[in-house]
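Novice: Sharing a model prediction with you, sequence too.
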Amino acid sequence: MKKALITGVTGQDGAYLLQLLLDKGYEVHAIKRRTSTFPTARIDNIYQDKELIEQRFFAHYGDIHDGMSLISAIHKIEPDEIYNLAAQSHVRVSFENPVATVIDNISGTINILEAIRQVGGNIRFYQASSSEMFGSTPPPQNEKSPFNPCSPYACSKVFGYYQTINYRQSFNIFACNGILFNHESPLRGETFVTRKVTRAVGRIKMGIQDKLTMGNLDAKRDWGYAKEYVEVMWLMLQNSVPDDYVIATGEMHSVRELCDFAFGLVGLNYSDYVKTDEYYYRPKEVDCLCGDSKKAREILGWQPKVKFKDLIELMVEADLKLAAEEKKLGRFIAMY
């Protein structure tokens, strides 16, 4: 039985990856900080399965910023694969908390890589890189496109990307970067733009919210389905050669299009409800991100199936149900 270690298991990607690996018969381990809470909302279905908890899913106390605790955990677990998904991943927040963002994202990555080097063996490593690294580089962006990061978050991800390559080349570690473009789902955090919109659509339709305040409606992104994107994380570590891949749909849509389509699904005109506020603009905007995932399609045999409209439909449907439950209970339900 293969063993995998996931950091960031309670996030959107971590939850989907955990389920994928369990479905494939893995024994899965996760790192959790020693705090008073361990937010498990996204993986409650797994925590309710006693057999899985007792036999194939284990959470260990540790801290990705503490190299010694990582070395100890890796020695104990002896994983075949490590997926580093832990990060402060909200771009707007990174401008408000740049130091914390950089420390979180840089130290975690290099501590894991160094722990792998110290422990030795044949551990395969996946680093969650980001399309934000391209920043102001014109689309379409692929593996050969230059990085022009436009936020503290993006800068921290560029560091992690190059350290992953450095450890691969210097110490012969099987290490891969997945340069994932925006990927969404009903598990997406409510402060991220797609979920912020679909959450508002449900609440406005149910009469429990009257408007939605947004930032730059003209920013364009390449949005895919997170559940499909974790599949390619796994594929990267099954390949015979470690490498770096852009993962994207190749389609670009504006935030305005997102609002128009999402509100239209419930018979509403977005312009009646969506307002803009400069507070939500980034200090440095990234206008257009659209990925070319030809390399992943040709080498890994991966291609996206759920495109923009299908993705937004399933998110709106989920958030309509959530809003209906809120209305029934008469209170706000905080999800992710």
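Specialist: Yep, it's here.
Novice: in the stretch 101-250 of the chain, which ranges drop under the pLDDT threshold?
Specialist: The model of the stretch 101-250 of the chain has no residue with pLDDT under 70.
Novice: residue boundaries of the strands in it?
Specialist: 124-130, 174-180, 183-184, 212-214, 220-221, 224-225, 244-247 (DSSP state E, counting those that start in this stretch).
Novice: Give me the contacts around the fourth one.
Specialist: What that stands for is strand 212-214. Here strand 212-214 makes contact (C-beta atoms under 8 Å, 6 or more residues apart in numbering) with 193, 196-197, 200, 204, 255, 259, 273-277, 280. Quick note: C-beta positions are derived from backbone N, CA and C, even for glycine.
Novice: how about the helices in the stretch 201-336 of the chain?
Specialist: Assigned by DSSP state H, counting those that start in this stretch, the stretch 201-336 of the chain shows helices spanning 226-238, 255-264, 294-300, 308-329.
Novice: got those helices as TSV, with distance to Gly67 columns?
Specialist: Formatted as TSV, the helices of the stretch 201-336 of the chain follow (distance: least, C-beta to C-beta, whole Å):
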stretch	distance to Gly67
helix 226-238	22
helix 255-264	40
helix 294-300	31
helix 308-329	38
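Novice: okay, these in TSV with mean neighbour count and distance to Leu18 next?
Specialist: Shown next, in TSV, are the helices of the stretch 201-336 of the chain (neighbours: other C-beta atoms under 10 Å; distance: least, C-beta to C-beta, whole Å):
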stretch	mean neighbour count	distance to Leu18
helix 226-238	21	9
helix 255-264	20	28
helix 294-300	17	21
helix 308-329	17	19
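Novice: of the ones you listed, which approaches Ile6 most closely?
Specialist: helix 226-238 (10.0 Å; C-beta to C-beta).
Novice: tilt between the closest one and strand 174-180?
Specialist: Interaxial angle of helix 226-238 relative to strand 174-180 (axes from the mean of the first three to the mean of the last three C-alpha atoms, to 10 degrees): 160 degrees.
Novice: Run the chain-centre distance for helix 226-238.
Specialist: Relative to its parent chain, helix 226-238 has a centroid offset of 12 Å by C-alpha atoms, centre = their mean, to the nearest Å.
Novice: Next, the angle strand 124-130 makes with that helix.
Specialist: For helix 226-238 against strand 124-130, the angle between stretch directions is 140 degrees (the same axes, to 10 degrees).
Novice: and for helix 226-238, what are the contacting residues?
Specialist: Applying C-beta under 8 Å, 6+ apart, the external contacts of helix 226-238 come out as 12-13, 16-17, 20-21, 24, 81, 83, 124-126, 128, 174, 176, 178, 180, 183-185, 187-188, 242-243, 245, 247, 296, 300-302, 304-306.
Novice: Output that helix as PDB, restricted to C-alpha atoms.
Specialist: Extracted C-alpha coordinates of helix 226-238, given in PDB (Å, rounded to 0.1, in the frame of the first residue of the first chain):
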ATOM      1  CA  ALA A 226     -10.400  21.800  -8.500                       C
ATOM      2  CA  LYS A 227     -11.600  18.200  -8.300                       C
ATOM      3  CA  GLU A 228     -10.000  17.500 -11.800                       C
ATOM      4  CA  TYR A 229      -6.900  19.500 -11.000                       C
ATOM      5  CA  VAL A 230      -5.900  17.300  -8.000                       C
ATOM      6  CA  GLU A 231      -5.900  14.300 -10.400                       C
ATOM      7  CA  VAL A 232      -3.100  15.800 -12.400                       C
ATOM      8  CA  MET A 233      -1.100  16.400  -9.200                       C
ATOM      9  CA  TRP A 234      -1.200  12.700  -8.700                       C
ATOM     10  CA  LEU A 235      -0.300  12.000 -12.300                       C
ATOM     11  CA  MET A 236       2.800  14.100 -12.100                       C
ATOM     12  CA  LEU A 237       4.200  11.900  -9.300                       C
ATOM     13  CA  GLN A 238       3.400   8.700 -11.200                       C
END
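Novice: Counting neighbours, what do you get for Ala41?
Specialist: Neighbourhood size, Ala41 [other C-beta atoms under 10 Å]: 12.
Novice: For it, give me phi and psi.
Specialist: Per-residue torsions, Ala41: phi -50, psi -40 (degrees, to the nearest 10).
Novice: quick one: Pro283 and Ser94 touch, right?
Specialist: No: using C-beta atoms under 8 Å as the test, Pro283 is too far from Ser94 to be in contact (10.4 Å).
Novice: Please say which of these two ends up with more neighbours.
Specialist: Neighbours were counted for Pro283 and for Ser94 using other C-beta under 10 Å; Ser94 has more, 26 against 9.
Novice: Model confidence score at the more buried one, please.
Specialist: pLDDT for Ser94: 85.
Novice: and what of Leu311?
Specialist: pLDDT, Leu311: 98.
Novice: got a list of what it touches?
Specialist: Contacts of Leu311 (C-beta under 8 Å, 6+ apart): Glu184, Ser185, Thr194, Trp223, Gly224, Tyr225.
Novice: TSV for these, including neighbour count?
Specialist: As requested, the contacts of Leu311 are exported to TSV (neighbours: other C-beta atoms under 10 Å):
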residue	neighbour count
Glu184	26
Ser185	23
Thr194	22
Trp223	24
Gly224	28
Tyr225	22
